[in-house]
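Chemist: predicted model follows, preceded by the sequence.
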Amino acid sequence: MEAGVAHFEGGAMGKEIGSDGFTEDDFARFGQRLEQETAHAHKTYRAGGFANAGLVAGFELEAWLIDEHFFPAPRNVSFLQRMASPLVVPELSLFNVEINGTPQALRATALSQLEGELIATWQRCQQVAADEGVAMIAIGTLPTLRERDLSLSSMSPFKRYAALNEQVLRRRGGRPLTLDIAGIETLTATHSDVMLEAATTSFQVHLQTPVSEVARTYNASQLLAAPLVALAANSPFLFGRALWHETRIPLFEQAVDCRQAGHPERMRVTFGSAYLGKDPTACFAENLSSYPVLLPYVEEGPVTSYAHLRLHNGTIWRWNRLLIGLDKEQVPHLRVEQRVMPAGPSLIDMIANAALYYGAVRCLARQAEAPEARLPFAVARENFYRAARYGLEAQVVWLDGRCQNVAELLLRELLPLAREGLAELDLAAADITRYLDVISARLRNRQNGAAWQLAHYAKYQDFFRLTADYLEHQRGARVADMSPTSC
């Protein structure tokens with residue numbers, strides 16, 4: 001979190017570092033601090049030192065800047081200078097930015113407050129973008145993106161990004177990164193740096209949780225990852241190929257793959273290895289033991305700031321990630337970052353997706369019998385990748401052991417569950433109806449951003465028209481209204 005700014009951030013990768021390079025001594029000192037902070041987090045948990053207050057909701061939205069030809073526009077430096085907003089910050093590439101929402105206690109009109117602030121920030125961003133001669137678009141992967149757009153010349157000018165690229169390639173022994181994605185079509189490519197990551201933009205939803213409920217909430221988030229990615233899928237194209245309905249998933253996993261041949265190191269972007277047990281801080285112990293340090297930037301300060309744990313955690317991108325944060329009184333809290341949903345296709349659609357997640361995860365986390373006990377972790381993981389590949393057409397296995405269409409599961413079971421959970425949280429009835437009706441309409445139409453894009457391209461065979469029409473819809477409609485006949 002940036003100083004004085006009340007918003008959630010994913011780990012600490014958003015914070016600038018102060019070094020141009022790292023030495024072996026940096027790695028040793030960072031490792032020592034990381035061990036101390038990981039042990040302290042466990043001790044703090046055992047002593048009841050993490051916040052046990054109510055739920056708090058927030059989000060991060062990554063977006064693209066595009067030029068008049070619908071290509072990426074590497075203009076975020078001047079754009080951000082004009083914006084001068086602590087809620088709008090840089091991303092890895094010069095053509096991406098991140099919009100943050102002010103965290104809201106999850107009660108009453110929290111959802112409409114999140115949407116209202118997002119609308120205001122988005123409108124300001126569009127005005128500033130127009131002044132820059134560009135436009136802003138929220139979409140998982142940009143259909144007009146070319147591989148040559150993803151070069152180091154398009155990297156945002158911050159040391160943390162250059163250091164990340166240097167360290168990923170160092171871990172790989174200098175070998176280029178390889179893409180190999182088989183879907184509707186097949187794409188294979190090699191890339192010499194981490195800029196492939198800039199092709200993936202997301203809508204990351206945060207849920208700060210009482211420490212007594214965080215493990216169950218995290219596990220329920222893992223169960224929900226498959227239906228959520230199917231519901232929200234909005235990334236079917238990459239470099240002119242139709243791949244997965246949510247191509248962002250395999251793309252991101254391969255874009256920062258640090259593994260070397262013959263080494264047991266785990267992937268840095270992953271669904272995870274298991275559900276959480278009773279002690280949620282075991283996740284941080286796993287990070288310490290299983291993932292080599294990438295960015296050993298040593299900071300002064302007390303162990304209670306968890307600066308090194310948070311930075312290390314920020315370089316491990318589980319699709320559901322457990323994070324430590326600090327409140328104004330420096331009391332630590334735990335929260336789940338649900339990372340599976342892409343950016344777009346409209347502002348109300350994204351808040352509606354968040355509403356379904358918040359309501360459904362609330363109910364699943366509070367069921368008398370833990371639902372994760374009824375669905376093996378390996379099955380939840382398989383569900384996730386199948387849903388990312390096939391979207392609302394995917395067949396998934398649910399808690400009763402039956403295989404069923406994910407859209408039907410959402411419509412018949414998870415939507416009512418979300419409604420129940422939001423009502424239990426005492427959220428405004430009008431908000432519950434507003435956002436879940438958006439979800440219901442999309443499911444009845446079997447519509448998400450990916451389905452709309454695929455139908456549009458099948459009709460017109462034109463990525464530029466697709467992007468232009470998508471942008472027009474984004475400015476004035478929601479995806480439930482984007483039927484194939486409106487393409």
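Modeler: That came through fine.
Chemist: may I see the buried residues of stretch 123-142?
Modeler: 124-125, 128-129, 132, 134-142 (16 or more other Cβ atoms under 10 Å). Heads up, the C-betas are built off the backbone N, CA and C, glycines and all.
Chemist: biggest separation within the residues you listed, which pair?
Modeler: Pairwise distances across those (Cβ to Cβ) peak at 25.0 Å, for the pair 124 and 141.
Chemist: need phi/psi at the closest residue to residue 185 other than its chain neighbours.
Modeler: Nearest residue to residue 185, sequence neighbours excluded (Cβ to Cβ, 6 or more residues apart in numbering): residue 241, at 4.5 Å. Note on residue 241: backbone dihedrals following degrees, to the nearest 10 are phi -110, psi 140.
Chemist: residue 241: neighbour count?
Modeler: The tally of other residues near residue 241 (other Cβ atoms under 10 Å) stands at 15.
Chemist: that one pairs with what?
Modeler: residue 238 (DSSP bridges).
Chemist: and the pLDDT for the spatially most central residue of the chain?
Modeler: The residue lying closest to the centre of the chain (Cα atoms, centre = their mean) is residue 339, at 2.8 Å. Listed pLDDT for residue 339 reads 98.
Chemist: from residue 450, how far off is it?
Modeler: Per Cβ to Cβ, to the nearest Å, residue 339 is found 17 Å from residue 450.
Chemist: swap in residue 321?
Modeler: Residue 321 sits 23 Å away from residue 450, going by Cβ to Cβ.
Chemist: out of the two, which sits in the more crowded spot?
Modeler: Taking neighbours as other Cβ under 10 Å, residue 321 and residue 450 compare with residue 450 leading, 29 against 22.
Chemist: my read: the more buried one touches residue 233, true?
Modeler: Yes - counting by Cβ atoms under 8 Å, residue 233 is a contact partner of residue 450 at 4.0 Å.
Chemist: overlap in contacts of these two?
Modeler: Counting by Cβ atoms under 8 Å, 6 or more residues apart in numbering, the shared contacts of residue 450 and residue 233 are 245, 246, 391.
Chemist: just put those in JSON lines and tack on secondary structure.
Modeler: Converted to JSON lines, these look like this (DSSP: H, G, I helix; E, B strand; the rest coil):
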{"residue": "245", "secondary structure": "coil"}
{"residue": "246", "secondary structure": "strand"}
{"residue": "391", "secondary structure": "helix"}
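Chemist: if we can go back for a sec, check contacts around the residue nearest to the centre of the chain.
Modeler: Residue 339 neighbours (Cβ under 8 Å, 6+ apart): 10, 202, 204, 317, 318, 319, 320, 321.
Chemist: alpha carbons only: can I get the lowest-mean-pLDDT helix or strand in the chain in CSV?
Modeler: Least confident helix or strand, the chain: helix 159-171 with a mean of 92, by mean pLDDT, DSSP states H and E. Listed next in CSV are the C-alpha coordinates belonging to helix 159-171 (Å, rounded to 0.1, in the frame of the first residue of the first chain):
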residue,chain,number,x,y,z
LYS,A,159,13.3,-0.3,-10.9
ARG,A,160,11.0,-3.0,-9.6
TYR,A,161,10.0,-4.1,-13.1
ALA,A,162,13.5,-4.1,-14.5
ALA,A,163,14.6,-6.1,-11.5
LEU,A,164,11.8,-8.6,-11.9
ASN,A,165,12.7,-9.2,-15.5
GLU,A,166,16.4,-9.6,-14.6
GLN,A,167,15.8,-12.0,-11.8
VAL,A,168,13.3,-14.2,-13.7
LEU,A,169,15.8,-14.6,-16.6
ARG,A,170,18.6,-15.2,-14.1
ARG,A,171,16.5,-18.0,-12.5
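Chemist: list the buried residues of it.
Modeler: Result for helix 159-171 [16+ other Cβ under 10 Å]: buried residues 160, 161, 162, 163, 164, 165, 166, 167, 168, 169, 171.
Chemist: check stretch 313-326 too.
Modeler: Buried, per 16+ other Cβ under 10 Å, within stretch 313-326: 313-325.
Chemist: OK, contacts around residue 228?
Modeler: 338, 340, 341, 353, 356, 357.
Chemist: test my guess that the fourth one contacts residue 343.
Modeler: What that stands for is residue 353. No - if you go by Cβ under 8 Å, residue 353 and residue 343 don't touch, sitting 10.9 Å apart.
Chemist: overlap in contacts of these two?
Modeler: Listed as contacting both residue 353 and residue 343 by Cβ under 8 Å, 6+ apart are residue 203.
Chemist: please list all residues in contact with the closest residue in space to residue 112 that isn't next to it in sequence.
Modeler: Excluding the flanking residues, the one nearest residue 112 by Cβ to Cβ, 6+ apart is residue 431, at 5.1 Å. Shown in contact with residue 431 (Cβ under 8 Å, 6+ apart): 109, 110, 111, 112, 355, 422.
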